[in-house]
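Q: Test case, fold it:
(chains A and B)
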Amino acid sequence: MARFVTVAKADSIQPGQMVKVEIDNLPVAVANVGGTFHAFDDTCTHEDCSLAEGELARTVVTCPCHFAEFDIRTGAVLAPPATVPLKVYPVRVEGNDLQVEF
Amino acid sequence: MPQTIAIVGASLTGASAAATLREDGFDGRVVLLGAEPQLPYDRPPLSKAYLRGGMPFEKTLLRPPEFYRERSIETRLGTRVVGVDPEKRTLELQGGERLEFDSVLIATGGRNRRFPIPGLDLPGVYDLRTVADADRIRDAIARGGRAVVVGMGFIGAEVAASMRQCGLEVTAIEPFKTPLYRALGEEIGRVVEGLHRDHGVELVLGDAVSAFEGAGRVERVVTRGGRHVECDLAVFGLGIEPATELVAGTSVRTDNGIVVDEYCRTNVPGIFAAGDVANHYHPVCARQMRVEHWQNGVKQGAAAARSMLGRAQPYDEVHWFWSDQYDANIQYAGFHAAWDAVVVRGSLPTRKFMAFYMAEGRVESVVAINQGRDLRRALPIIKARVAVDPARLEDPNVDLRTLAPAEKPG
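A: As a prediction, the model looks like this:
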């Protein structure tokens, strides 16, 4: 059943920054876009690469390995070689706890 | 506005062009013709995940079958186009059928270069271009044993890595001093040499194959230097040549490919070319060039489609490609040319670095191993073509995004 899991302190992730966390052994990336947090699968849907090690430009993440791009709000593919959308997760901030619904 | 657009070549470039025509609202007829029987598929996995057996063919399809149906893109697969008549604007298909077009995009790609080496046609000697080629090599890999890779360019190096990962003994023979020597030079080539040696590839450098030998099937590879390397299979990767035969004998100009301007236009109205086959004028470098990169296939295919619809923008992408070998993600961006200095940012021994190829103070091209984010940040520096302080390039504390001048508006 889905539940909210605390993954980080909200003030530890600066605007424009992404971090990789693990929930149930699954790598999840959390990004701060101008104070709004987004969470998504850290592993690119194309091949096994960490998106948190890629580039974040507003709400677009670019995979560092092959430059596939995703909209981190919806998971939509914006540029190949990825063809499968990225899974995204609801996020909330409780106090200073950043929580991902998982 | 054209009524019928034909695209010859149903691979990455042709599929990108077809999709772009529909995205941009073209509602005429689109016919995508491919010599291979499969729907457009992605070739990079053929030397990597697909070759190792870890990926079903369906996962290599660029788009699902319904994509073409839903957009009324007519696919004519297993159909070789044998001629084009620029005056009558017709294609001649194998078997004699004729197809009229208003505009045609030639995206026929390339074919593997073959050299007159004795025994090259022996069973057990393979080359890799298509999924059918990959299937044959996969079957040979499954039988195990000893493999020889001839030519350590990008395809050879990837095949060598994949075969090691499948547990084969691999010997690689390369005429230059290092793998990837022509692209990367000696200093960085040595890093790639170390990568392969660390993974157990036996490298024979500075030597070339003189013959493949065997009784009815390859059993050994003989080099000019006098080596005899026993093997169960051999794969050669000696580069490609552009597949221009479709326009041979027509007024369409060829010179190392089909010559096009920055709008993918040939010298003949209504005939366009893109992808590996296109020797294109690049406005950033102000010269003609032909590349064999995945990204160029996607982007130039799209650019050609817009040009055919009269919405041309100059095609001025910074060329870019990747190569995955073992745990190394190698990326290269820029315009290959003679360089006078190599500036390294990061650590060569740990294989986590970027190397900038400089000419007269400018960055002409960049290679990165496991540094994809920084490579992406370097693209504007390459495009700007202005002198950059090498001390700042090599300083890992300098954000590369601060080193390119702001792009001019418009």
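
Q: State the distance from residue A:66 to residue B:106.
A: Going from residue A:66 to residue B:106 by CB to CB, to the nearest Å gives 27 Å. C-beta coordinates here come from the backbone N, C-alpha and C atoms, glycine included.

Q: Neighbour count: the two, which is higher?
A: Taking neighbours as other CB atoms under 10 Å in any protein chain shown, residue A:66 and residue B:106 compare with residue B:106 leading, 32 against 24.

Q: That one contacts residue B:9, correct?
A: Yes. Judged on CB atoms under 8 Å, residue B:106 makes contact with residue B:9 at a distance of 6.8 Å.

Q: per-residue confidence at the closest residue to chain A within the stretch 301-410 of chain B?
A: Relative to chain A, the nearest point of the stretch 301-410 of chain B is residue B:372 (3.2 Å; CB to the nearest CB). Here, the pLDDT recorded for residue B:372 equals 93.

Q: And for residue B:410?
A: For residue B:410, the predicted pLDDT is 42.

Q: How about residue B:243?
A: In this model, residue B:243 is scored at 98, pLDDT.

Q: OK, contacts around it?
A: B:108-111, B:276-277 (CB atoms under 8 Å, 6 or more residues apart in numbering or on different chains).

Q: Show the buried residues in these.
A: The neighbour count (16 or more other CB atoms under 10 Å in any protein chain shown) marks B:108-110, B:276-277 as buried among the contacts of residue B:243.

Q: Among those, name the ones in strands.
A: residue B:110 (DSSP state E).

Q: and chain A, which residues reach chain B?
A: With the criterion set to CB under 8 Å from any CB of the partner chain, chain A comes near chain B through A:47, A:49, A:53-55, A:62-67, A:80-81, A:83.

Q: top of those residues by neighbour count?
A: residue A:63 (27 neighbours).

Q: Model confidence score at that one, please.
A: Confidence score, pLDDT, at residue A:63: 97.

Q: Would you mind listing where the chain has pLDDT under the threshold?
A: You didn't say which chain, so I picked chain A. By pLDDT under 70, the low-scoring segments of chain A are A:1.

Q: My question was about chain B, not that one.
A: In chain B, residues with pLDDT under 70: B:407-410.

Q: Domain map for it?
A: Following automatic domain parsing, chain B resolves into domains at B:4-111+B:240-308, B:125-236, B:327-402.

Q: Excluding covalently adjacent residues, which one is nearest to the closest residue to chain B within chain A?
A: Going by CB to the nearest CB, chain B is nearest to residue A:64 of chain A, at 3.2 Å. Of all residues not flanking residue A:64 in the chain, residue B:372 sits nearest, at 3.2 Å (CB to CB, 6 or more residues apart in numbering or on different chains).

Q: Go ahead and confirm the one you found touches residue B:332.
A: No. In this structure, residue B:372 is not within contact of residue B:332 by CB under 8 Å, at 11.2 Å.

Q: any residues in contact with both of these two?
A: Taking CB under 8 Å, 6+ apart as the contact rule, residue B:372 and residue B:332 both touch residue B:322.

Q: Dig out what residue 8 forms beta bridges with.
A: Unless you meant another one, I'm taking chain A. Beta bridges link residue A:8 to residue A:98, judged by DSSP bridges.

Q: you looked at the wrong chain, it should be chain B
A: residue B:33, residue B:106.

Q: can I assume residue B:33 is in contact with residue B:6?
A: Yes. Assessed by CB under 8 Å, residue B:33 is found in contact with residue B:6 at 6.7 Å.
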